[in-house]
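**Q** this is a predicted model, with the sequence first.
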Amino acid sequence: MGKVRWHLMMSLDGFAAGPGHSMDWMSGVRVGPDTHHESIATLGAVLGGRHGYDALAERHPGQASRQPYGGAWSGPVFVLTHHPEDAIPDPGVTFLTCDVAEAVAIGLAAAKGKDLEIHGQDIARQCVERGLIDEFRVHLAPVMLGAGVRLFDCPGIEPVRWARIHDGDPAQAVDLRYRPA
């Protein structure tokens, strides 16, 4: 069975999207080609949230199946929502109105042994709280947004600890150094 992975790009100041779920801040930021190809090769389905879907649909009207990875991947896309009846229809998207754990199970089944990728910070937060995430992969972009959609906004919970997947100490902090561009 595939993994449930939370995979995204984040700004240096902890935002996964700009104000209004904008993603234009990612323009010009590159991720290594091996990372991109590996992600696509292991991806079987995507589960996202309604806020991000609506923002994308408004920015790109009339584009069917707004697929991740710039269209380099295609497959089942699910959007978890409380109100599917007023969603902008898309033939490449299935709207779900169930519990997040059930949505994850549906996505994993549709992924047919490959990974289910979580898109959307609220969906990801719910999955983290329920212990449904198997892997967290974040690309840190050299930009500060100042406002937008936080990576993980869940006041009052205990810290969520992650073990790095690499050779060496899994609790070692990542050392990043930047200067103004």
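**A** Now that the structure is in, tell me what you want to look at.
**Q** mean pLDDT per helix and strand in this protein: which one sits at the bottom?
**A** helix 50-59 (a mean of 80; mean pLDDT, DSSP states H and E).
**Q** put the alpha carbons of it into PDB.
**A** Only the C-alpha atoms of helix 50-59 are listed here, as PDB (Å, rounded to 0.1, in the frame of the first residue of the first chain):
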ATOM      1  CA  ARG A  50     -12.000  23.300  -0.900                       C
ATOM      2  CA  HIS A  51     -10.300  26.600  -0.200                       C
ATOM      3  CA  GLY A  52      -7.300  25.800  -2.400                       C
ATOM      4  CA  TYR A  53      -9.500  24.300  -5.000                       C
ATOM      5  CA  ASP A  54     -11.700  27.300  -5.300                       C
ATOM      6  CA  ALA A  55      -8.800  29.700  -5.500                       C
ATOM      7  CA  LEU A  56      -7.200  27.600  -8.300                       C
ATOM      8  CA  ALA A  57     -10.500  27.300 -10.100                       C
ATOM      9  CA  GLU A  58     -11.000  31.100 -10.000                       C
ATOM     10  CA  ARG A  59      -7.500  31.800 -11.200                       C
END
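**Q** I figured A45 hits V77, correct?
**A** Yes: using Cβ atoms under 8 Å, A45 is in contact with V77, at 7.2 Å. Any C-beta I mention is one placed from the backbone N, CA and C, and that applies to glycine too.
**Q** quick one on the thing from earlier: quick one: distance of the helix or strand following the least confident helix or strand of the chain to the chain centre.
**A** Per DSSP states H and E, the first helix or strand lying C-terminal to helix 50-59 is strand 77-80. Chain-centre distance of strand 77-80: 12 Å, with Cα atoms, centre = their mean, to the nearest Å.
**Q** which residue ranges of the protein form strands?
**A** With strands called from DSSP state E, the chain shows them at 4-11, 15-17, 43-49, 77-80, 93-96, 115-118, 135-141, 149-150.
**Q** nearest to Q172, of those strands?
**A** Using Cβ to Cβ as the measure, strand 135-141 is the one of the strands of the chain that comes nearest Q172, at 15.7 Å.
**Q** by contact count, what packs against that closest one?
**A** strand 4-11 (3 or more Cβ pairs under 8 Å, 6 or more residues apart in numbering; DSSP states H and E).
**Q** for the strand it packs on, the averaged confidence score.
**A** Mean pLDDT, computed over strand 4-11, is 93.
**Q** let's number from 495 now, not from 1
**A** That works, and once the first residue is 495, the last one we named lands at strand 498-505.
**Q** what's the angle between that strand and strand 629-635?
**A** 10 degrees (axes from the mean of the first three to the mean of the last three Cα atoms, to 10 degrees).
**Q** could you export the longest helix anywhere in the chain as CSV, CA atoms only?
**A** Longest helix in the chain, counting residues (DSSP state H): helix 594-605. Output in CSV follows, covering the C-alpha atoms of helix 594-605 (Å, rounded to 0.1, in the frame of the first residue of the first chain):
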residue,chain,number,x,y,z
VAL,A,594,-11.0,13.1,6.6
ALA,A,595,-10.0,9.5,7.6
GLU,A,596,-12.6,8.1,5.1
ALA,A,597,-11.3,10.6,2.5
VAL,A,598,-7.8,9.3,3.0
ALA,A,599,-9.0,5.7,2.7
ILE,A,600,-10.8,6.5,-0.6
GLY,A,601,-7.7,8.3,-1.9
LEU,A,602,-5.4,5.4,-1.0
ALA,A,603,-7.7,2.9,-2.7
ALA,A,604,-7.8,5.1,-5.8
ALA,A,605,-4.0,5.4,-5.8
